[in-house]
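Engineer: What follows is a protein structure lacking sequence information:
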């Protein structure tokens, strides 16, 4: 069954933006798209066109970002559309996405005047496997120095270009998000 509110600017504004704007504390909206079947979007161009229409219908002012979890969508057409809308590509560490360091090295992936990253999972590891392996998240259990380096590179680039950066770290990346954040910051 299709979701009638999928990429509906009216629904987003009514159900999320207006209620959240009462608090004036929303730094950035992240629109997350999982593995989109070809029955919804036959290719990256179809996705980019529909997403462009959606983003273009949103209120001016907030930062908007897009997290995709389909590696083949890391395509010039997708990046160009985001750049035209000043929406950020979310650099994400996710099981089926290229390693974070590979995304960070893609110059065309810097599409906005701000940066967003979500360090969620190590490449190739499922969410369920990470939960089982890392609970109760009391310490780093699977160090990921490459992810640390990638996050540092994003931070350094953002500082050098004087642009805001929103960096999110999940317990499922290494077993303990505060420990990961500490390790990244200690290496700056």
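Structural biologist: Done, it's in. Model, not experiment: these values are computed from the prediction. Numbering: from 1, shown residues only.
Engineer: outside of the helix or strand hosting residue 102, which residues touch it?
Structural biologist: Taking DSSP states H and E as the criterion, residue 102 maps to helix 100-104. Surrounding helix 100-104, the residues in contact under the criterion C-beta atoms under 8 Å, 6 or more residues apart in numbering are 74, 89, 91-93, 97, 109, 117, 119, 146-147, 149-151, 153-154. Using the backbone N, CA and C atoms, a C-beta is placed for each residue, glycine as well.
Engineer: Buried residues, the helix or strand where residue 10 lies. List them.
Structural biologist: Taking DSSP H and E as the criterion, the element that holds residue 10 is helix 9-12. Residues of helix 9-12 classed as buried: residue 12 (neighbour count, 16 or more other C-beta atoms under 10 Å).
Engineer: Please enumerate residues in contact with that helix?
Structural biologist: Contacts of helix 9-12 (C-beta under 8 Å, 6+ apart): 5, 54, 57-58.
Engineer: Going by neighbour count, which of the contacts of helix 100-104 comes out on top?
Structural biologist: The most crowded member of the contacts of helix 100-104, judged by other C-beta atoms under 10 Å, is residue 151 (29 neighbours).
Engineer: helix/strand/coil for that residue?
Structural biologist: The three-state assignment at residue 151 reads helix, by DSSP: H, G, I helix; E, B strand; the rest coil.
Engineer: Would you check how far apart the closest residue to it other than its chain neighbours and residue 152 are?
Structural biologist: Leaving aside its chain neighbours, residue 151 sits nearest to residue 184 (4.8 Å; criterion: C-beta to C-beta, 6 or more residues apart in numbering). Separation of residue 184 from residue 152 (C-beta to C-beta, to the nearest Å): 6 Å.
Engineer: Which one's more surrounded, the two?
Structural biologist: Just comparing residue 184 and residue 152: by other C-beta under 10 Å the higher neighbour count belongs to residue 184, 20 against 17.
Engineer: Show me what the helix or strand bottoming out on mean pLDDT in the chain packs onto, helices and strands only.
Structural biologist: Sorting the helices and strands of the chain by mean pLDDT, DSSP states H and E puts helix 18-21 at the bottom, at a mean of 91. The contact analysis (3 or more C-beta pairs under 8 Å, 6 or more residues apart in numbering; DSSP states H and E) places helix 18-21 against no helix or strand.
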